[in-house]
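# please work out how this folds:
(4 chains)
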Number of protein chains: 2
Amino acid sequence: MTSTASTTADTSVDTPARPLRRDAARNRELLLAAARTVFAERGLEATLDDVAKAAGVGVGTAYRHFGNKFELATAVLEEAIDAMVVMAEKALADEDPWRGLVSCLESALGLQAFNRGLREVLTSVSDPESVLRIKEKLEEPLTLLVQRAQAAGALRADVTVGDFKVLTVMVCAVADLAGETAPEIWRRYLALLLPGLRPGNDPLPVEALTLAQLDAASTSSCQYHWGGTGG
Amino acid sequence: MTSTASTTADTSVDTPARPLRRDAARNRELLLAAARTVFAERGLEATLDDVAKAAGVGVGTAYRHFGNKFELATAVLEEAIDAMVVMAEKALADEDPWRGLVSCLESALGLQAFNRGLREVLTSVSDPESVLRIKEKLEEPLTLLVQRAQAAGALRADVTVGDFKVLTVMVCAVADLAGETAPEIWRRYLALLLPGLRPGNDPLPVEALTLAQLDAASTSSCQYHWGGTGG
DNA sequence: CTCGAAGCGGAGACGACGGCTCCGCTCTGG
DNA sequence: CCAGAGCGGAGCCGTCGTCTCCGCTTCGAG
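Purely as a prediction, here's the structure:
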């Protein structure tokens, strides 16, 4: 929706008014790097203390740089989601609509298979405003991909973008189950799912959830609640 | 502990050496009934205190009757799993192997859709010995159902019983997402999954997990750890 | 009806845990 | 060299779930 939000600053790398001392800057990077792997492996339940330990710095340092887990996680997860958006756009460039859609699913899920934290944000829906807006970035390219495939008659007409979100949740559940043991196993179940998406199958027995319903639903049953402090 | 424990008594209803006082027996039933609905609605994260409150008795009473949450949950969940076994056996009686398999999936998932606690036990695999043995009851009828469908050429030959466990996890993930909001929505995604199970589709890209792998995998990543006291 | 004991209830002890702060010490860089 | 930015991590605080304890209630045998 609000893809025109690029009015003022590159939020990607902030050019600080007065630069950090060299050791401080280094620690900040250490923290970000540690956060990437810690949240990816252990999910959002990991503690900021954990991240600090993994980074080899004290907790105090972690809190000075980020205030709370929420901030750090948001930063790291936004990177990952941006990468997904890039992948979706690349898939849109494929001239075969079905192949594009499938490759988008594959690359997106490939990312999530190795990133438990990412799975958790994308799976739950009861996040603060700011996180919702980050996830929203995925909306547009995904919608385009779906519509294009349907227009080409490659994708059954009675599935919605919301269905793809749910599909993602399903495949992520497999990734959660298997964890590090079999990180590629999700491909098997995605493959099992694809034939049902082609046109010409039996009609579906239940109406799709509206997006509003989807949001409302998972408000009640999500894995992780961002701490109240993050608001 | 021994699996040959079927020698002596019906464990279903214990004929107590000296019977409970009438009010005590009544409270025990109250507790069981409350546990059914509380664990079904809120999952295994519900507190024994919660169950007691729902039953309208004090916590002390709850602990006198069951010792800990683990005992109560096991009792209640075993009932549910027994019901699933009955359904599987009924499905085996259908002369059409495919229809039998599908109706088994549908009835099993129908039960789980309304029972979050049941979803949690069936989804995770790191349970104490005793719980594993309860879940094992499902193994045999499910295997029969799968083999029969494959022998009849109604089910693709390269899926395993383990795949069905994973499929269940996937559909349960949908039920978790939707919760009470759309309790029937899982049917839509089961329907999406079925075409991929028929023979004649593209071969699957990754080998199935062995049952041992499946167990090992989810030991690390499960929703709920039975409290240490239950051992 | 009486009385001993089985049973009840729920406040609260206890332990675990995660978020975050505080302050004496360290290191950077002008 | 030294002012102050930055560091570290012990530990405070609030929360939460489990389970105990003991004075009171209710049952039911005599």
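# the helices in chain A, which residues?
Ranges of helices in chain A, per DSSP state H, are A:22-42, A:48-55, A:59-66, A:69-92, A:97-113, A:116-123, A:129-136, A:139-151, A:161-178, A:186-193, A:211-220.
# just say which of those helices is most tucked in.
Highest mean neighbour count among the helices of chain A (mean count of other C-beta atoms under 10 Å in any protein chain shown): helix A:116-123, with a mean of 24. Every C-beta, even on glycine, is put in place using the N, C-alpha and C of the backbone.
# so which elements touch that helix?
Applying 3 or more C-beta pairs under 8 Å, 6 or more residues apart in numbering or on different chains; DSSP states H and E, one finds that helix A:116-123 makes contact with helix A:22-42, helix A:69-92, helix A:97-113, helix A:129-136, helix A:161-178.
# how about stretch A:67-82 and DNA strand C, touching?
Yes - for stretch A:67-82, a contact with DNA strand C is found by C-beta under 7 Å from any atom of the strand, at A:68-70.
# circling back: save the helices and strands packed on helix A:116-123 as JSON lines, and put in mean pLDDT too.
Converted to JSON lines, the helices and strands packed on helix A:116-123 look like this (pLDDT from 0 to 100):
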{"stretch": "helix A:22-42", "mean pLDDT": "97"}
{"stretch": "helix A:69-92", "mean pLDDT": "95"}
{"stretch": "helix A:97-113", "mean pLDDT": "97"}
{"stretch": "helix A:129-136", "mean pLDDT": "87"}
{"stretch": "helix A:161-178", "mean pLDDT": "95"}
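# distance to DNA strand D added to these, as TSV?
Output for the helices and strands packed on helix A:116-123, formatted as TSV (distance: least, C-beta to the nearest atom of the strand, whole Å):
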stretch	distance to DNA strand D
helix A:22-42	4
helix A:69-92	14
helix A:97-113	28
helix A:129-136	21
helix A:161-178	22
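# for these, give me CSV that also has distance to chain B.
Output for the helices and strands packed on helix A:116-123, formatted as CSV (distance: least, C-beta to the nearest C-beta, whole Å):
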stretch, distance to chain B
helix A:22-42, 10
helix A:69-92, 18
helix A:97-113, 10
helix A:129-136, 15
helix A:161-178, 4
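# what's the closest of the residues of stretch A:67-82 next to DNA strand C to A:Cys104?
When those are compared for distance to A:Cys104 (C-beta to C-beta), A:Phe70 wins out at 28.9 Å.
# and of the helices and strands packed on helix A:116-123, who's closest to B:Ala52?
B:Ala52 lies closest to helix A:161-178 among those, at 31.9 Å (C-beta to C-beta).
# against which helices or strands is that closest one packed?
helix A:97-113, helix A:116-123, helix A:139-151, helix A:186-193, helix A:211-220, helix B:161-178, helix B:186-193, helix B:211-220.
# quick one on the thing from earlier: quick one: closest of the helices of chain A to B:Ser130.
Proximity to B:Ser130, assessed across those by C-beta to C-beta, is greatest for helix A:161-178 (21.8 Å).
# send me that closest one as PDB with only the CA atoms.
The C-alpha trace of helix A:161-178 is given here as PDB (Å, rounded to 0.1, in the frame of the first residue of the first chain):
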ATOM      1  CA  VAL A 161      -3.400 -13.900  -1.700                       C
ATOM      2  CA  GLY A 162      -4.500 -14.700   1.800                       C
ATOM      3  CA  ASP A 163      -4.400 -18.400   0.900                       C
ATOM      4  CA  PHE A 164      -0.700 -18.000   0.100                       C
ATOM      5  CA  LYS A 165       0.000 -16.500   3.500                       C
ATOM      6  CA  VAL A 166      -1.700 -19.500   5.000                       C
ATOM      7  CA  LEU A 167       0.200 -21.800   2.700                       C
ATOM      8  CA  THR A 168       3.400 -20.200   3.900                       C
ATOM      9  CA  VAL A 169       2.400 -20.800   7.500                       C
ATOM     10  CA  MET A 170       1.800 -24.500   6.700                       C
ATOM     11  CA  VAL A 171       5.200 -25.000   5.100                       C
ATOM     12  CA  CYS A 172       6.800 -23.000   7.900                       C
ATOM     13  CA  ALA A 173       5.300 -25.400  10.400                       C
ATOM     14  CA  VAL A 174       7.200 -28.200   8.700                       C
ATOM     15  CA  ALA A 175      10.400 -26.200   8.900                       C
ATOM     16  CA  ASP A 176       9.700 -25.700  12.600                       C
ATOM     17  CA  LEU A 177       9.200 -29.400  13.100                       C
ATOM     18  CA  ALA A 178      12.400 -30.400  11.300                       C
END
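# that helix vs helix B:186-193, what angle?
Orientation note: helix A:161-178 sits at an angle of 80 degrees relative to helix B:186-193 (axes from the mean of the first three to the mean of the last three C-alpha atoms, to 10 degrees).
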